[in-house]
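Visitor: Quick one, structure for this:
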Amino acid sequence: MSQSRPKPTIARFSAYEVNFASHELFKHGSRIIQRQPFQILCLLVERAGEVVSREELRERLWPNNKTFVEYEDSLNTAVRKLRAALSDSSGLPRYIETVAGQGYRFIAPVTVEEKRGLPETADPGGAGGVAGEVAYGLPIEPRPSSAGGEHREATKLKPKTGKLWLSVVAATVLVVAIVGSVLWTHFHSSHVATARPMLAVLPFQNLTGDANQEYFSDGLTEEMIGQLGNLDPQHLGVIARTSVMRYKNSQAGLDQIARELGVQYVMEGSVRRDGNHVRISAELIQMKDQSHLWARQYDRELNGLLALQGEIGHEIADETELTLGEHKAAGTSIALPQNFDAYDLYLKGQYFFNKRTAADLEEAIRYFQQATIKDPNYARAYAGMADAYALMGGYSGRAQTEFMPKARASALRALQIDDSLPEAHTALALIVQNYDFDWQTAEKEFRRAIELNPNYATAHHWYAEHLMWRGRFDEALRESEHARQLDPLSLIIASDNGAILFFSRQYDEAIQKWQFVLEMDPGFSRAHLIRGAYVEKGMFAEALADTEKMRPLAVDSTYLSWRTYICGRSGQKVQAHQALEQLLQSSRGGSVDPLIVARGYIGVGEKEKALVLIERAYAQHSNELTSLKVSPMYDTLRGDRRFGDVLRRVGLSQ
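Guide: Model (predicted):
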């Protein structure tokens, strides 16, 4: 038996802080992980340096269930989630060491403050509570399970579906109004949480028996997320579409979904069409006790659409007059699509946009363009097109001048149609950042987008990247955590979190984050930036192996640039110069970003040529210049006055 020691109130190690009194784990000021992993962490930290047996952990986690036969798997799962939250590794542990045949030991230095009047248990109705949580109940640390935006592409819809879609969208607004009032009334009367509660709208089921109408149910899910997300974003968080679509046709139970997404409320629903008739069912469930707070079924005919929409508009106005404690529901809604074909094309564009490859971005642009032709006043389609054009340079390796003027025109058109559209402000922020290097305007536009809709995960995500480029890493990590909470299964958000760790020189943590993403989707291109961390760690064989894995998916110039750089850094001079010659040949006469070639020259140590290309990249407004301040690739150039001059003109000097 170990000696009794004072129970701490606060324990700190590395970037983490364990608060035993409030039952919370913080990293960089953001609260992470769920009940069972937190209980394990508490016991290990309390007895830092000692072996805690698996039997002791079992007693802590399941004290009243002596016959729980699956606890071994559940304990292993909880330990894996804890390690993932701490960016720890079982093979090379920094915090939690596995002691074979015995249990686990906490091996990091811990600073503690002793207990003073700790409460015995947590408030079961406190912030972040889920079913059965006591003592250490916390919001979930979810694990991404699939690539962002993996949804089915729609098949061609039948002629009458446009009318049906308008009915579906109109009914969506009515559901949002009523559900909003139920949620706010419930929050106020039961004092459910002091923190902002989270809601997941699960994919609505298509009960028509017609696969051609899958996009009706998907579209209804999208509209419900958008409408509820705008209802009162300061007081209700709504999980983004990318994450909830992971559960389309899933057999996962509500308990599991709530744990993985970190939500306290779930909405389920279905759509059925029979001739001229459409039926929409929806229900709202509180996950703490799985009680059904509200359920409603709507039956509508396709005739009399305008009258129906007017009726729903009046009901929304009535609902938003409800007093919600000390605040009111904002009651603002996103602009409803007036043309089903345009919205269908927009959804297809979003599907390809989320896949984040050059070919998919081109496909996304085509769909967004078609949507604007169908509806010239569809602001969201223009904003989507602006996003895709703004990213094309980085993913294709082609010059920014080819895409950014089109991106700017699309963003400004979206704002001309609807100045309150957060997607348009976010797109404009990215454009003025990556093309104009106007960091002040970019930050203002990002903040405006978040002000308009704090539930817009992409705004938090790209603002985190903005802060990263400026070297404000602590702020970037906090903003990245906001994005993760809203879209916990998004691989692009997880990948860019790895980028923040990489550029802040936390190479081990970055590698672990990117490995985690690549386990989910080995072809996810952004996570293959792991090769840069391998280079900085001197793991050149791993860096080359990763580059070869991505060769089928990368453009030739990007592949050859990385191969030249890695071979040069590792001292393989012959291979490096062979790859450099191929790189120069592939870039002749083509639209290749000069910084792609500069990477090769940096790898082989030809600084003069690299500096010439950096200057040329500035003349071409290369978006890759945003990394000048933080990328370790440029460390060998930082003492050169010419490099400092470009850094100043890009707006990133110290």
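Visitor: tell me the pLDDT at Tyr265?
Guide: You'll see Tyr265 listed with a pLDDT of 86.
Visitor: List the residues that contact it.
Guide: Counting by Cβ atoms under 8 Å, 6 or more residues apart in numbering, Tyr265 touches Leu183, Pro197, Met198, Leu199, Ala200, Leu284, Ile285, Gln286, Met287, Leu293. Where you see a C-beta, it was placed from the backbone N, CA and C, and this is true even at glycine.
Visitor: Excluding covalently adjacent residues, which one is nearest to the last one?
Guide: Using Cβ to Cβ, 6 or more residues apart in numbering and skipping the chain neighbours, the partner closest in space to Leu293 is Leu284 (4.7 Å).
Visitor: So which bits of stretch 548-561 are buried?
Guide: Met550, Ala554, Val555, Asp556, Ser557, Thr558, Tyr559, Leu560, Ser561 (16 or more other Cβ atoms under 10 Å).
Visitor: if I look at the last one, how far off is Leu491?
Guide: By that I understand Ser561. Distance from Ser561 to Leu491, counting by Cβ to Cβ, to the nearest Å: 24 Å.
Visitor: and what of the first one?
Guide: Shown here: Met550 relative to Leu491, a distance of 15 Å by Cβ to Cβ.
Visitor: Using CSV, write out the CA atom coordinates for stretch 41-49.
Guide: Listed next in CSV are the C-alpha coordinates belonging to stretch 41-49 (Å, rounded to 0.1, in the frame of the first residue of the first chain):
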residue,chain,number,x,y,z
LEU,A,41,-5.7,10.9,-14.8
CYS,A,42,-6.7,12.1,-11.3
LEU,A,43,-5.6,8.8,-9.7
LEU,A,44,-2.3,8.7,-11.6
VAL,A,45,-1.4,12.3,-10.9
GLU,A,46,-2.3,11.9,-7.2
ARG,A,47,0.2,9.1,-7.0
ALA,A,48,2.7,10.4,-9.5
GLY,A,49,5.8,8.1,-9.7
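Visitor: Could I get the contacting residues of Phe403?
Guide: Tyr389, Ala390, Met392, Gly393.
Visitor: Hmm, the first one is touching Met404, no?
Guide: Yes - using Cβ atoms under 8 Å, Tyr389 makes contact with Met404 at a distance of 7.1 Å.
Visitor: Look at those two and report which has more neighbours.
Guide: Ranked by neighbour count (other Cβ atoms under 10 Å), Tyr389 and Met404 place Tyr389 first, with 27 against 23.
Visitor: Please name the residues that touch the more buried one.
Guide: Tyr389 neighbours (Cβ under 8 Å, 6+ apart): Ile365, Phe403, Met404, Lys406, Ala407, Ser410.
Visitor: Which of these fall within helices?
Guide: Ile365, Met404, Lys406, Ala407, Ser410 (DSSP state H).
Visitor: Model confidence for the first one, exactly?
Guide: Same thing as Ile365. You'll see Ile365 listed with a pLDDT of 96.
Visitor: Report the two of the buried residues of stretch 548-561 separated the most.
Guide: Met550 and Ser557 (13.2 Å; Cβ to Cβ).
Visitor: From what I see, Pro454 and Pro233 are in contact.
Guide: Yes - under the criterion of Cβ under 8 Å, Pro454 makes contact with Pro233 at 4.2 Å.
Visitor: pLDDT value on the nearest residue to Val592 once chain neighbours are set aside, please?
Guide: Excluding the flanking residues, the one nearest Val592 by Cβ to Cβ, 6+ apart is Ser557, at 4.9 Å. As predicted, Ser557 sits at a pLDDT of 87.
Visitor: Just confirm Ser557 contacts Ala598, I think it does.
Guide: No - contact criterion Cβ under 8 Å: Ser557 and Ala598 do not qualify, at 11.7 Å.
Visitor: Tell me how the chain divides into domains.
Guide: The record assigns the chain these domain ranges, following automatic domain parsing: 8-114, 161-336, 339-453, 456-554, 579-654.
Visitor: worst average pLDDT in those?
Guide: Of all these, domain 161-336 carries the lowest average pLDDT, namely a mean of 64.
Visitor: all helices for the stretch 151-300 of the chain, in order.
Guide: 161-190, 214-231, 241-244, 254-261 (DSSP state H, counting those that start in this stretch).
Visitor: no wait, the stretch 401-550 of the chain
Guide: 404-417, 422-434, 439-452, 457-469, 473-486, 491-503, 507-520, 530-536, 540-549.
Visitor: Among those helices, which comes closest to Gly101?
Guide: helix 507-520 (25.8 Å).
Visitor: circling back: just the ones of the contacts of Phe403 in helices?
Guide: Among the contacts of Phe403, DSSP H puts Tyr389, Ala390, Met392, Gly393 in helices.
Visitor: Quick check: the spatially most central residue of the chain vs Gln515, distance?
Guide: For the chain, the residue nearest the mean C-alpha position is Ile493 (3.5 Å; Cα atoms, centre = their mean). From Ile493 across to Gln515, the span is 16 Å (Cβ to Cβ).
Visitor: do Ala442 as well
Guide: 31 Å.
Visitor: Same question for Lys348.
Guide: Where Gln515 is concerned, Lys348 sits at a distance of 32 Å (Cβ to Cβ).
Visitor: More neighbours: which of those two?
Guide: A count of neighbours by other Cβ under 10 Å puts Lys348 above the other of Lys348 and Gln515, at 21 against 13.
Visitor: Leaving out sequence neighbours, find the closest residue to the more buried one.
Guide: Nearest non-adjacent residue to Lys348, counting by Cβ to Cβ, 6+ apart: Tyr367, 4.5 Å away.
Visitor: Run a quick neighbour tally on that neighbour.
Guide: 22.
Visitor: Next up, the contacts around it.
Guide: Leu345, Tyr346, Lys348, Gly349, Phe352.
Visitor: Enumerate the positions of the helix or strand harbouring it that are buried.
Guide: According to DSSP states H and E, Tyr367 maps onto helix 358-374. Of the residues in helix 358-374, 358, 360-361, 363-372, 374 count as buried by neighbour count, 16+ other Cβ under 10 Å.
Visitor: in the stretch 501-650 of the chain, which spans are strands?
Guide: With DSSP state E, counting those that start in this stretch as the criterion, the stretch 501-650 of the chain has no strands.
Visitor: again with the stretch 201-350 of the chain
Guide: Using DSSP E, counting those that start in this stretch, strands in the stretch 201-350 of the chain cover 205-206, 237-238, 265-274, 277-286, 291-301, 323-324, 327-328.
Visitor: ok, back up a step: I'd like the contacts of Tyr265 laid out as a markdown table, including neighbour count and distance to Ala414.
Guide: Conversion of the contacts of Tyr265 to a markdown table gives the following (neighbours: other Cβ atoms under 10 Å; distance: Cβ to Cβ, whole Å):
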| residue | neighbour count | distance to Ala414 |
| --- | --- | --- |
| Leu183 | 26 | 30 |
| Pro197 | 21 | 31 |
| Met198 | 25 | 28 |
| Leu199 | 22 | 27 |
| Ala200 | 26 | 28 |
| Leu284 | 23 | 32 |
| Ile285 | 20 | 36 |
| Gln286 | 22 | 37 |
| Met287 | 21 | 36 |
| Leu293 | 15 | 36 |
